[in-house]
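Visitor: need a 3D model of the following:
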Amino acid sequence: MLTSNLSFLPPELMDVVRLFDGAESLSIGHTGEYRDGVFRNRFVIDGAEYSSCDEARAEGELQYKSLCKRYAKLALYRILSARTGQTLPWGALTGIRPTRLAYAELDAGRPFEPLFEKMCVSEENISLVRRVIAGQAAVYERKEGNCDLFISLPFCPSKCTYCSFITAPIAATRKYLPDYLAALEAELAAAAPLIGSLRSVYVGGGTPFALEAEELERVLAAIAPLRTNGCEYTVEAGRPDVFSREKLDVCAKYGVTRICINAQSFSDKTLSAIGRKHTADDLYRAFDMAKDYPFDVNCDLIAGLTGESAEEFRQSVDAAIALAPANITVHTLCLKKGAKLKEETARLEAGRLSEMIAYSRSALSSAGYEPYYLYRQKYMAGAHENVGWTKPDKACVYNIDVMEEIADNLAVGANAVSKKVFLGEGRIERHGSPKDIPTYLAKVGQLIAERGSLFRIN
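Guide: As a prediction, this is how the structure comes out:
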């Protein structure tokens with residue numbers, strides 16, 4: 001149980017509690033106050049008292065709450081770290097975008113490293129953030145009116161055990177496809193006057209290649225009138241069991257510049273354990289097929305999958321590097337509610353996972369890849385992160401814009417979340433579509449009107 005005299009703090013403090021084994025069973029009481037430029041935090045944990053003070057000036061309510069959260073979480077992190085003997089790679093940082101905090105410090109004319117050190121972030125991760133910022137330099141652009149377009153196709157050939165998305169096997173959802181494609185066409189037609197300077201287009205899932213070639217073509221044909229400037233264009237092709245030359249031909253016809261092959265692992269044992277219906281040989285065939293097209297290729301791996309050893313993960317990293325895709329993203333397993341794997345896995349061995357992450361960083365760096373985006377999620381195994389690695393001049397614009405939230409994101413389809421970024425005001429307004437496909441289909445007209453109202457705001 002956790003209580004605080006500040007009503008907005010318990011959820012933030014619980015994010016810290018969940019980082020430590022066994023801490024959720026503790027009785028934690030918190031009292032915080034801000035007076036004379038000092039944030040004071042007092043904790044009573046199972047009868048033991050702790051207190052801390054941090055000097056910082058807060059200008060306005062928003063900054064007060066932000067700093068209050070920061071120093072309360074730092075105080076609790078230090079207490080629980082001392083009590084348990086555990087240190088974590090991101091220290092007291094629980095936000096999903098560490099680079100945004102770094103950019104905020106740089107924008108204020110300060111180096112970000114001292115703040116990260118204060119928040120107990122490891123030296124390795126401070127270096128990682130520094131490299132990510134450098135890797136974004138050629139693409140990063142904060143400019144009013146910039147926009148990225150996302151199209152959601154929440155259909156998959158089967159559901160993986162680690163997945164908490166709304167996707168379901170396409171055999172069960174195919175009946176909705178005709179109406180779904182018509183809804184996307186209507187949404188995309190209505191989106192045309194809302195898009196400013198288009199930076200990128202991303203067709204994601206699910207597994208977009210789960211659609212038949214003619215179904216996929218309907219989607220890309222509806223996108224075509226919106227992409228008039230030849231910007232980056234990505235289709236998350238997905239799994240090799242749905243790859244075909246017909247679908248790749250459709251992508252090439254409509255000017256797609258990048259596809260994603262979501263390998264996750266090159267171990268047949270692991271692929272079977274997570275519910276995939278393909279083998280590593282199928283992955284190699286998909287990569288070989290893609291070589292005949294002018295696409296950059298993104299490849300995803302996940303560290304910490306069911307029963308996978310550090311050696312097996314190393315082999316997957318080496319296999320991905322040997323295929324030489326433009327980008328390789330290394331995800332850390334995220335144990336979310338709704339994923340079957342969460343029901344089977346309480347916590348992964350921290351040492352094994354840290355070994356995997358360390359190897360991926362070393363091997364990718366040695367192979368000439370540089371980190372260019374990173375983000376974190378709640379319930380990530382080992383409190384690690386997801387990192388995208390790129391070859392020189394091959395960074396994915398969409399990934400940078402979305403992770404740093406520096407451009408509008410106009411998103412259509414079920415479970416799509418649009419974001420209108422007001423850079424001058426330092427705020428973001430969001431508009432979400434229903435996750436459930438039948439509910440989404442019933443509300444398409446309403447969604448179009450609501451999104452139009454949001455994106456016409458100046």
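Visitor: can you tell me the element the nearest residue to residue 409 once chain neighbours are set aside falls in?
Guide: Closest residue in space to residue 409, ignoring its immediate chain neighbours: residue 419 at 4.4 Å, by Cβ to Cβ, 6 or more residues apart in numbering. C-beta coordinates here come from the backbone N, C-alpha and C atoms, glycine included. Element membership for residue 419, per DSSP states H and E: strand 417-422.
Visitor: what is that strand packed up against?
Guide: strand 408-412, strand 427-432, helix 444-455 (3 or more Cβ pairs under 8 Å, 6 or more residues apart in numbering; DSSP states H and E).
Visitor: circling back to that earlier point, the residue nearest to residue 409 and residue 334, how far apart?
Guide: Residue 419 sits 21 Å away from residue 334, going by Cβ to Cβ, to the nearest Å.
Visitor: where does pLDDT dip in this structure?
Guide: Applying pLDDT under 70 to the chain picks out residues 157-168, 335-350, 457-458.
Visitor: tell me how far the residue lying closest to residue 367 once chain neighbours are set aside lies from residue 327.
Guide: Take residue 367 and drop its neighbours on the chain: the residue closest to it by Cβ to Cβ, 6+ apart is residue 321, 4.7 Å away. Plainly put, residue 321 is 12 Å away from residue 327 if you go by Cβ to Cβ.
Visitor: more neighbours, those two?
Guide: Neighbours were counted for residue 321 and for residue 327 using other Cβ atoms under 10 Å; residue 327 has more, 22 against 19.
Visitor: next up, the contacts around the spatially closest residue to that one that is not a sequence neighbour.
Guide: Nearest non-adjacent residue to residue 327, counting by Cβ to Cβ, 6+ apart: residue 298, 4.2 Å away. Counting by Cβ atoms under 8 Å, 6 or more residues apart in numbering, residue 298 makes contact with 234, 258-261, 325-329, 396.
Visitor: distance check, the closest residue in space to residue 87 that isn't next to it in sequence against residue 23.
Guide: Spatial nearest neighbour of residue 87, excluding adjacent residues (Cβ to Cβ, 6+ apart): residue 81 at 5.7 Å. Distance of residue 81 to residue 23, given as Cβ to Cβ: 10 Å.
Visitor: now swap in residue 388 and tell me
Guide: As judged by Cβ to Cβ, residue 388 and residue 23 stand 31 Å apart.
Visitor: between these two, which one's more packed in?
Guide: Legend: neighbour count by other Cβ under 10 Å for residue 388 and residue 23, higher for residue 388 (25 against 20).
Visitor: what sits against residue 387?
Guide: So residue 387 contacts 128, 132, 329-330, 360-361, 371, 373-374 (Cβ under 8 Å, 6+ apart).
Visitor: need these in CSV (columns: distance to residue 143).
Guide: Formatted as CSV, the contacts of residue 387 follow (distance: Cβ to Cβ, whole Å):
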residue, distance to residue 143
128, 26
132, 20
329, 26
330, 30
360, 33
361, 32
371, 24
373, 18
374, 22
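Visitor: which one of those has the most neighbours?
Guide: Highest neighbour count within the contacts of residue 387, by other Cβ under 10 Å: residue 330, with 28 neighbours.
Visitor: check the secondary structure at the closest residue to it other than its chain neighbours for me.
Guide: In space, and not counting its chain neighbours, residue 330 is closest to residue 360: 4.6 Å by Cβ to Cβ, 6+ apart. Judged by DSSP: H, G, I helix; E, B strand; the rest coil, the three-state class of residue 360 is helix.
Visitor: that older thread, list the contacts of the residue nearest to residue 87.
Guide: If you count contacts by Cβ under 8 Å, 6+ apart, residue 81 has them with 20, 87-88, 120.
Visitor: could you identify which of the residues you listed has the most neighbours?
Guide: Among the contacts of residue 81, the one with the most neighbours (other Cβ under 10 Å) is residue 88, at 22 neighbours.
Visitor: and residue 110, how far from residue 104?
Guide: The value you get for residue 110 to residue 104, if Cβ to Cβ is used, is 9 Å.
Visitor: ok, now residue 308?
Guide: Plainly put, residue 308 is 37 Å away from residue 104 if you go by Cβ to Cβ.
Visitor: more neighbours: those two, which one.
Guide: In terms of neighbours (other Cβ under 10 Å), residue 308 is the more surrounded of residue 308 and residue 104; the figures are 23 against 14.
Visitor: correct me, but the more buried one touches residue 272?
Guide: No: judged on Cβ atoms under 8 Å, residue 308 makes no contact with residue 272 at a distance of 11.5 Å.
Visitor: how many other residues sit next to residue 150?
Guide: 21.
Visitor: pretty sure it sits in a strand.
Guide: Yes: with three-state DSSP as the criterion, residue 150 is located in a strand.
Visitor: still on that earlier bit, can I get the strand holding residue 419 in CSV, CA atoms only?
Guide: Output in CSV follows, covering the C-alpha atoms of strand 417-422 (Å, rounded to 0.1, in the frame of the first residue of the first chain):
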residue,chain,number,x,y,z
VAL,A,417,-3.9,7.7,-31.6
SER,A,418,-3.4,11.1,-33.4
LYS,A,419,-1.3,13.8,-31.7
LYS,A,420,-1.4,17.5,-32.4
VAL,A,421,1.8,19.1,-31.2
PHE,A,422,1.8,22.7,-30.1
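Visitor: related to what we said a few turns ago, helix/strand/coil for the residue nearest to residue 327?
Guide: Secondary structure, three-state DSSP: residue 298 is strand.
Visitor: ok, it to residue 263 distance?
Guide: Distance of residue 298 to residue 263, given as Cβ to Cβ: 10 Å.
Visitor: with residue 55 instead?
Guide: 49 Å.
Visitor: the two: who's more crowded?
Guide: Using other Cβ under 10 Å as the criterion, residue 55 and residue 263 rank with residue 263 on top: 27 against 9.
Visitor: element containing that one?
Guide: Using DSSP H and E, residue 263 falls in strand 258-264.
Visitor: check which element follows that strand along the chain.
Guide: helix 268-273.
Visitor: wouldn't residue 271 be in contact with residue 281 here?
Guide: No: under the criterion of Cβ under 8 Å, residue 271 makes no contact with residue 281, lying 10.6 Å away.
Visitor: please enumerate the helices of the stretch 51-200 of the chain.
Guide: 61-84, 98-107, 113-118, 123-136, 170-173, 177-191 (DSSP state H, counting those that start in this stretch).
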